[in-house]
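Enquirer: structure for this input, please:
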Amino acid sequence: MTRVLVVDDSQFMRTVIGNALTGAGYEVETAANGSEGVELADTFDPDVVTMDVEMPEMDGIDAVERIMATNPTAILMLSVHTERGAEATFDALERGAVDFLHKPDGTGSRNIAHLTDEVIETVDDLAEADVSSVALARASATAYTTGADRVSSPGHTTTTGSAVAGGSDVQSNVDHSAPGPSVTPGIGSDVEHDEPAPIAVDGERAAAPTIVIGASTGGPKIIERLFERLPADLEAKVLVVQHMPPGFTTRLAERLDDRSAYDVTEATDRQRLEPGEAAVAPGDFHLEVVSNLGETLRLGLDDGERVHGVRPAIDVTMHSAAERVSDALCGVVLTGMGHDGAAGIEAIKAAGGHTIAQDEATSPVFGIPCQAIETGDVDTVAPAGGVADAIVDAFTTDGENDD
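Expert: Numbers count the residues shown, from 1 in each chain. As a prediction, this is how the structure comes out:
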């Protein structure tokens, strides 16, 4: 039976979430603070941990760091929907938590019943996740790629490769006996870097290319590392769709802006996006490309029906980009649950764009990339630390990055 540890200083929350998970068929233990959570993570050996952020004795952020250091586990944060809560949540994701849900605060339509339903649905997915991929994604996203072995062409040449973390090889789960997406092997085999440097752009590059990046569970950390390595010299226009509620997308945009050479903002309606700029889809709004005039994109926001049960949806942004972007175009799907993004990848491929998916080995949850790969329209499969390289490869020719 799958084991779940519920860590929360509220007796009410422990009882409600614990009872819901028990009713769903899970074996449940509870802890009243981070210290108890760390101890039970060792003795109970849970498959998934739900973790409150603010608690006495030891908060959820420190507890996440200790659990990931001693007993790596899929950890789901439960956060209050405030500016402080958003910052703390990102700190927890930085230290190894895989995903988060925000607690209802009484101001909207969400209530405790909605939260427990979301917890059960998310735990169902995380219980099937390969915990080793969580650690590997963290290592991969912070490492340089090995240029000598990197292969990423618009065609379907397939190369074998391994992603190396902690001295172990992880082979890409791609059928090498038949034509398929190329595999960018890529993270550094012997050295990891706390501050990845931007990639050098060698050779001719496409003028003012457009990149659409979509992700869900496990995505924020990987997107941050991708932006740290994305070179300003590429002069791309970047659209980011990360499944997140309002407020959290604002903080994601701020963090990306702080950590990259790009000017990153949360998208606004009728915003003009220029080369060297990036826009993050705001929580509860779909992000669309309205027009492409010269090297400028005009963006639009739509609060219409949810797609695949989410808003923003990756497919909405990718479809609009495929229809309206006249510059060079690349679609990227990263870790996450569900199949949002698969149809968007098909649309970008049909429009003549390049398509990239994160590999299974470094995806904490392989749902979104897997569904995209199964369409047959993914050009390149890359580990977390090789996605930025694959993007640069897609837009450059006759240089070191275009082997």
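
Enquirer: in stretch 18-28, what's buried?
Expert: By neighbour count with 16 or more other Cβ atoms under 10 Å, stretch 18-28 contains the buried residues 18, 20, 21, 24, 26, 28. Using the backbone N, CA and C atoms, a C-beta is placed for each residue, glycine as well.

Enquirer: which pair in those residues spans the largest distance?
Expert: Across the buried residues of stretch 18-28, the longest distance by Cβ to Cβ is 10.8 Å; it joins 18 and 24.

Enquirer: about what we covered before: turn the buried residues of stretch 18-28 into a markdown table, columns for pLDDT, secondary structure and distance to residue 82.
Expert: Listed next are the buried residues of stretch 18-28 as a markdown table, based on pLDDT from 0 to 100; DSSP: H, G, I helix; E, B strand; the rest coil; distance: Cβ to Cβ, whole Å:
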| residue | pLDDT | secondary structure | distance to residue 82 |
| --- | --- | --- | --- |
| 18 | 97 | helix | 25 |
| 20 | 97 | helix | 24 |
| 21 | 97 | helix | 25 |
| 24 | 96 | coil | 29 |
| 26 | 96 | coil | 29 |
| 28 | 98 | strand | 28 |
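
Enquirer: can you tell me which of those residues is nearest residue 124?
Expert: Here the nearest of these to residue 124, counting by Cβ to Cβ, is residue 24; it sits at 7.8 Å.

Enquirer: now the closest one: how far from residue 48?
Expert: Separation of residue 24 from residue 48 (Cβ to Cβ, to the nearest Å): 12 Å.

Enquirer: and the helix ranked longest in the chain, what does it pack onto?
Expert: Longest helix of the chain, by residue count under DSSP state H: helix 112-127. The contact analysis (3 or more Cβ pairs under 8 Å, 6 or more residues apart in numbering; DSSP states H and E) places helix 112-127 against helix 11-23, strand 48-52, strand 74-79, strand 99-102.

Enquirer: relative to residue 338, which of the ones you listed is closest?
Expert: Counting by Cβ to Cβ, residue 338 lies closest to strand 99-102 out of the helices and strands packed on helix 112-127; the figure is 12.4 Å.

Enquirer: could you give the separation of the closest one from the chain centroid?
Expert: With Cα atoms, centre = their mean, to the nearest Å as the basis, strand 99-102 stands 13 Å off its chain's centre.

Enquirer: determine the set of other helices and strands touching it.
Expert: Short answer (3+ Cβ pairs under 8 Å, 6+ apart): strand 99-102 packs on strand 74-79, helix 83-94, helix 112-127.

Enquirer: and those, which one averages the lowest pLDDT?
Expert: With a mean of 86, helix 83-94 has the lowest mean pLDDT of the helices and strands packed on strand 99-102.

Enquirer: quick one: secondary structure of the closest residue in space to residue 96 that isn't next to it in sequence?
Expert: Distances taken as Cβ to Cβ, 6 or more residues apart in numbering place residue 68 nearest to residue 96, at 3.5 Å, with adjacent residues excluded. On the three-state scheme (DSSP: H, G, I helix; E, B strand; the rest coil), residue 68 is labelled helix.

Enquirer: how near is the residue lying farthest from the centre of the chain to residue 30?
Expert: Distance from the centre of the chain peaks at residue 11, with 32.0 Å (Cα atoms, centre = their mean). According to Cβ to Cβ, residue 11 stands 9 Å off from residue 30.

Enquirer: repeat for residue 309
Expert: Counting by Cβ to Cβ, the gap from residue 309 to residue 30 is 29 Å.

Enquirer: need the contact list for residue 26.
Expert: By Cβ atoms under 8 Å, 6 or more residues apart in numbering, the contact set of residue 26 is 1, 2, 3, 4, 123, 127.

Enquirer: most neighbours, which of these?
Expert: residue 4 (28 neighbours; other Cβ atoms under 10 Å).

Enquirer: quick check: that residue touching residue 48?
Expert: Yes. Residue 4 is within contact range of residue 48, at 5.0 Å (criterion: Cβ atoms under 8 Å).

Enquirer: which stretches of the protein have low pLDDT?
Expert: For the chain, applying pLDDT under 70 flags the ranges 81, 106-109, 130-180, 182-195, 398-403.

Enquirer: domain map for it?
Expert: The chain breaks down by automatic domain parsing into domains covering 3-128, 146-397.

Enquirer: got phi/psi on the residue nearest to residue 240 when sequence neighbours are not counted?
Expert: Closest residue to residue 240 apart from its sequence neighbours, by Cβ to Cβ, 6+ apart: residue 280 at 4.6 Å. The phi and psi torsions at residue 280 (degrees, to the nearest 10) take the values phi -100, psi 130.

Enquirer: what about residue 280, neighbour count?
Expert: Residues near residue 280, counting by other Cβ under 10 Å, number 28.

Enquirer: now for residue 4: which residues touch it?
Expert: By Cβ under 8 Å, 6+ apart, residue 4 lies in contact with 21, 26, 27, 28, 29, 46, 47, 48, 49, 50, 123, 127.

Enquirer: element containing it?
Expert: Taking DSSP states H and E as the criterion, residue 4 maps to strand 3-7.

Enquirer: could you dump that strand to PDB, C-alpha only?
Expert: Coordinates of each C-alpha in strand 3-7 appear next as PDB, following Å, rounded to 0.1, in the frame of the first residue of the first chain:
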ATOM      1  CA  ARG A   3       2.300   5.500   2.200                       C
ATOM      2  CA  VAL A   4       1.700   9.200   2.600                       C
ATOM      3  CA  LEU A   5       3.000  11.400   5.300                       C
ATOM      4  CA  VAL A   6       0.900  14.500   6.100                       C
ATOM      5  CA  VAL A   7       2.900  17.300   7.800                       C
END
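
Enquirer: how big is the angle separating that strand from strand 48-52?
Expert: Relative orientation of strand 3-7 and strand 48-52, computed by axes from the mean of the first three to the mean of the last three Cα atoms, to 10 degrees: 10 degrees.

Enquirer: what lines up beside strand 3-7 in the sheet?
Expert: strand 27-31 (parallel), strand 48-52 (parallel) (DSSP bridges).

Enquirer: mind putting those strands into CSV with distance to residue 251?
Expert: Output for those, formatted as CSV (distance: least, Cβ to Cβ, whole Å):
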stretch, distance to residue 251
strand 27-31, 27
strand 48-52, 18
